[in-house]
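>>> Following is a predicted model, sequence given first.
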Amino acid sequence: MKNNKSNFESQFQSFYSENHDFHVNQDYKILGFPFKSGVKGDSISQIEFGLESLFKNGDLKDFKLIFNFEEKCTDFGVFKKDVLENIENYNPDMIFFENFQEIKSKPDPKILDYLASLKIPLVYFEWNPWSMFRKRPTIFLRQFFEIIDINFIKGSGTLFNVFEALGGRNISFTVHPSNQNLMNFDLTSNKKLFEISMFCNYWPSKLNILNMDGVNKRYEIVSELKNFYGDKFKLFGKNWDQKFQSLVINYSEVPEYQFYSKINLGWEHYSKIPYYFSNRLPNSYHLGVPYFSNPIIGLESILPNYDFLTYKNTNGLIEKINTLMSDSNLYENISTTNKKFACDYFDIRRIFKFNINQIETMYF
């Protein structure tokens with residue numbers, strides 16, 4: 001299938017317009033290569049989470065995971081010893097990869113040739129946003145694009161354009177799930193430890209022109225909210241000035257801190273990419289905690305309470321926060337409505353079944 005933004009847009013519309021479950025062939029054998037980056041594995045694999053969820057709920061009869069692909073993909077000798085035999089014995093119907101941007105070296109051409117010779121769909125999931133200036137695609141992924149059959153990304157616009165410019169084929173739409181696998185705490189508790197919480201890191205470039213579009217906005221928001229609310233405002237994230245008293249937490253801990261906050265907010269680094277949002281939005285929705293965010297292009301008529309829960313400047317945000325803090329009925333309505341939306345649309349099973357349906361349409 002030739003890349004066409006209209007195909008991508010129709011997938012987006014289909015995902016959000018069809019408020020029903022999707023079905024997949026239970027007999028599919030899917031092989032996944034989870035990629036876990038970060039310090040001491042402080043991140044999660046959506047492939048692992050997704051395939052395990054499908055299996056546990058009876059949507060798939062079987063699946064297989066091969067870990068540490070990043071350590072086995074640059075030398076065919078290592079790949080042949082640790083991976084090839086597993087692939088041959090399992091005989092999968094499709095293979096899932098994800099988040100290659102952390103691999104800095106080149107893939108062994110023999111590995112690419114072998115994978116291409118399998119004649120089954122090779123599927124890549126990219127859960128992060130990119131640009132040509134910051135978080136650029138690595139040489140590894142550029143070469144892997146030559147054999148990948150379908151690329152799932154979470155946003156259109158410049159993100160789609162980057163994938164297309166690098167030769168990505170069949171660029172298709174996916175959604176960031178709510179990470180229920182990280183919600184291993186007492187979800188019945190009514191305890192709130194924080195009033196207003198913002199979850200974001202601060203990574204400015206030495207040259208302002210190279211900054212991701214949300215960097216300066218984050219600093220502006222944090223400065224003004226800290227000045228207005230004082231200790232009622234709590235910042236979570238890395239690389240902030242000490243004056244903001246930011247608490248650095250692990251990626252896997254974010255949902256728990258979101259749950260114990262009365263109000264959550266954020267501003268995406270790539271706020272101009274249509275449809276894009278990080279895990280903080282679906283997690284907060286799923287936890288029933290109102291979440292204020294930057295306007296998300298394309299979701300204006302889709303996300304519940306969109307007009308109230310999006311903001312362009314801190315003056316409007318402060319007014320909305322104060323309204324929400326003083327109106328318990330409004331708070332409960334937003335909490336309940338957004339939680340239902342997250343359960344309907346941000347569930348990992350629904351997202352993966354939708355994506356498998358797209359693969360079926362193209363290849364089976």
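Received it, and whenever you're ready, just let me know what you need.
>>> Let me know how buried Phe244 is, in neighbour terms.
18 (other CB atoms under 10 Å). All C-beta spots, glycine's among them, are computed from the backbone N, C-alpha and C.
>>> Quick check: the residue nearest to it when sequence neighbours are not counted vs Ser246, distance?
Closest residue to Phe244 apart from its sequence neighbours, by CB to CB, 6 or more residues apart in numbering: Leu235 at 5.2 Å. Applying CB to CB, to the nearest Å, the value for Leu235 to Ser246 is 4 Å.
>>> for Lys119, same thing?
Look at Lys119 and Ser246: by CB to CB, they are 50 Å apart.
>>> the more surrounded of these two?
Per other CB under 10 Å, whichever of Lys119 and Ser246 has more neighbours is Ser246, with 21 against 6.
>>> who are the neighbours in contact with the most centrally placed residue in the chain?
What sits nearest the mean C-alpha location of the chain, by CA atoms, centre = their mean, is His176, with 3.8 Å. By CB atoms under 8 Å, 6 or more residues apart in numbering, His176 lies in contact with Trp127, Lys154, Phe277, Ser278, Asn279, Leu281, Pro282, Phe346.
>>> Redo those residues as JSON lines? Include pLDDT and secondary structure.
Listed next are these as JSON lines, based on pLDDT from 0 to 100; DSSP: H, G, I helix; E, B strand; the rest coil:
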{"residue": "Trp127", "pLDDT": "90", "secondary structure": "coil"}
{"residue": "Lys154", "pLDDT": "95", "secondary structure": "coil"}
{"residue": "Phe277", "pLDDT": "95", "secondary structure": "coil"}
{"residue": "Ser278", "pLDDT": "92", "secondary structure": "coil"}
{"residue": "Asn279", "pLDDT": "93", "secondary structure": "coil"}
{"residue": "Leu281", "pLDDT": "98", "secondary structure": "helix"}
{"residue": "Pro282", "pLDDT": "98", "secondary structure": "helix"}
{"residue": "Phe346", "pLDDT": "97", "secondary structure": "coil"}
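>>> between those, which is closest to Ile321?
The closest of those to Ile321 turns out to be Leu281 (CB to CB; 16.7 Å).
>>> contacting residues for that closest one?
Leu281 touches His176, Gly266, Tyr291, Ser293, counting by CB under 8 Å, 6+ apart.
>>> pLDDT wise, what is the second one at?
You'll see Gly266 listed with a pLDDT of 97.
>>> again with the last one
We have a pLDDT of 97 for Ser293.
>>> if I look at it, how far off is Asn57?
Shown here: Ser293 relative to Asn57, a distance of 30 Å by CB to CB.
>>> Counting neighbours around each, name which of these two comes out higher.
Just comparing Ser293 and Asn57: by other CB under 10 Å the higher neighbour count belongs to Ser293, 22 against 10.
>>> Now do the more buried one against Phe233, distance only.
From Ser293 across to Phe233, the span is 16 Å (CB to CB).
>>> ok, the contacts of His176 vs Leu112, which is closest?
Distances from Leu112 to the contacts of His176, taken as CB to CB, are shortest for Trp127 (22.4 Å).
>>> Quick check: that closest one touching Glu98?
Yes. Contact criterion CB atoms under 8 Å: Trp127 and Glu98 qualify, at 6.6 Å.
>>> Mutual contacts of the two, please.
Gln46.
>>> What segments of the stretch 201-350 of the chain are strands?
With DSSP state E, counting those that start in this stretch as the criterion, the stretch 201-350 of the chain has strands at 233-236, 261-265, 291-292.
>>> who wins for proximity to Leu299 among these?
Comparison of these against Leu299 by CB to CB identifies strand 291-292 as nearest, at 12.9 Å.
>>> which helices and strands does that closest one pack with?
Packing partners of strand 291-292 (3 or more CB pairs under 8 Å, 6 or more residues apart in numbering; DSSP states H and E): strand 261-265, helix 280-286, helix 314-326.
>>> repeat that with 10 Å
Where contact means 3 or more CB pairs under 10 Å, 6 or more residues apart in numbering; DSSP states H and E, strand 291-292 is packed against strand 194-199, strand 261-265, helix 280-286, helix 306-309, helix 314-326.
>>> Most tightly packed of the ones you listed?
Highest mean neighbour count of these: helix 280-286, a mean of 26 (counted as mean count of other CB atoms under 10 Å).
>>> Please save the CA atoms from that one in PDB.
Extracted as PDB, the C-alpha positions of helix 280-286 are listed here (Å, rounded to 0.1, in the frame of the first residue of the first chain):
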ATOM      1  CA  ARG A 280       0.100  10.900  31.100                       C
ATOM      2  CA  LEU A 281      -3.300  11.900  29.500                       C
ATOM      3  CA  PRO A 282      -4.800   8.400  29.100                       C
ATOM      4  CA  ASN A 283      -3.400   7.300  32.500                       C
ATOM      5  CA  SER A 284      -4.900  10.200  34.300                       C
ATOM      6  CA  TYR A 285      -8.200   9.800  32.500                       C
ATOM      7  CA  HIS A 286      -8.300   6.100  33.400                       C
END
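>>> picking that back up, of all the helices and strands packed on strand 291-292, which one is nearest Thr138?
helix 280-286 (25.2 Å).
>>> how about low-confidence regions in the stretch 51-200 of the chain?
The stretch 51-200 of the chain contains residues with pLDDT under 70 at 131-136.
>>> at 90 instead, please
Along the stretch 51-200 of the chain, segments meeting pLDDT under 90 span 68-72, 99-106, 128-142, 145, 158, 162-163, 165-167.
>>> Tell me where it has strands.
62-65, 94-98, 122-125, 150-153, 171-173, 194-199.
>>> Tabulate those (JSON lines), appending distance to Arg350.
Output for the strands of the stretch 51-200 of the chain, formatted as JSON lines (distance: least, CB to CB, whole Å):
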{"stretch": "strand 62-65", "distance to Arg350": "17"}
{"stretch": "strand 94-98", "distance to Arg350": "17"}
{"stretch": "strand 122-125", "distance to Arg350": "15"}
{"stretch": "strand 150-153", "distance to Arg350": "14"}
{"stretch": "strand 171-173", "distance to Arg350": "13"}
{"stretch": "strand 194-199", "distance to Arg350": "24"}
